[in-house]
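Participant: Just to be clear, the model below is a prediction. Sequence and coordinates:
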Amino acid sequence: MLAENTMVTEVTTAHVNDRVCDVLERMRATKLRMLPVVDDAGIVAGVISTFSIMENLVPSYIVSGDLNQIPYAPDMGILRRHYLEVIEKDLLSVMETKPLLVKRDESLLSTAAALTAFGKHEYALVVDEDKRLIGVISAGDILDRLGTMVESAENDA
């Protein structure tokens, strides 16, 4: 079984020149947590996710564990201020530039292994030899395919 047999080909994307606020609205409307980011030629430049946006909101001293050393740390005020700054940025400054890429002829097993090893997201972008986006495959897609295969085998028995 190959990645191309399991991937989703109707993919909502973001463009490298989009602003974070526009993409965040698109993500909310489509109920997606991650979008591939492509250039004018459809070549993958990265991914934008709710996680990568959140990484830009939370100050590094909080992430590093230094929050306990500070007698008073603003809570929602600082997040709100950072949110207002980040949503006006271009995607290039916020997106992840090294997404998990797989080829259409990769096996489902190697795609599952890559997703597991990558660890940060549950999506792999399926690209052609020029890194043009042709589909997306998620951990859920692989699990659904396996479930269908098991059901089919049980029905044949």
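Facilitator: Nice, thanks for sending it over.
Participant: My read is that L92 contacts D18, right?
Facilitator: No: L92 lies out of contact with D18 (CB atoms under 8 Å); the separation is 9.4 Å. Heads up, the C-betas are built off the backbone N, CA and C, glycines and all.
Participant: and these two? which has more neighbours close in?
Facilitator: Remark: of L92 and D18, D18 carries more neighbours, 19 against 13, as counted by other CB atoms under 10 Å.
Participant: Apart from its chain neighbours, what residue comes closest to that one?
Facilitator: L91 (5.2 Å; CB to CB, 6 or more residues apart in numbering).
Participant: now the one helix or strand L24 maps to: mean pLDDT?
Facilitator: Assessed by DSSP states H and E, L24 sits inside helix 20-30. Summarised as a single mean, pLDDT over helix 20-30 is 96.
Participant: How about residues contacting the following helix or strand past that helix?
Facilitator: Counting by DSSP H and E, the next helix or strand C-terminal to helix 20-30 is strand 34-38. The contact list for strand 34-38 (CB atoms under 8 Å, 6 or more residues apart in numbering) reads 11-16, 18, 23, 26-27, 44-51, 91, 95, 99, 121, 123, 125, 133, 136.
Participant: any idea how far the residue nearest in space to the middle of the chain is from E129?
Facilitator: Most central in the chain under CA atoms, centre = their mean is M34, positioned 3.7 Å from the mean C-alpha point. Look at M34 and E129: by CB to CB, to the nearest Å, they are 23 Å apart.
Participant: ditto for V86
Facilitator: 34 Å.
Participant: And S49, by the same measure?
Facilitator: Using CB to CB, S49 is found at 25 Å from E129.
Participant: And those two? Which one has more around it.
Facilitator: S49 (21 against 7).
Participant: Wait, that one touches E96, no?
Facilitator: Yes: using CB under 8 Å, S49 is in contact with E96, at 7.2 Å.
Participant: could you pull out the strands for this protein?
Facilitator: 14-15, 34-38, 44-49, 101-103, 123-127, 133-138 (DSSP state E).
Participant: I'd like those strands as TSV, with mean pLDDT and distance to A112 appended.
Facilitator: As requested, the strands of the chain are exported to TSV (pLDDT from 0 to 100; distance: least, CB to CB, whole Å):
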stretch	mean pLDDT	distance to A112
strand 14-15	98	26
strand 34-38	97	18
strand 44-49	96	19
strand 101-103	96	10
strand 123-127	96	9
strand 133-138	96	9
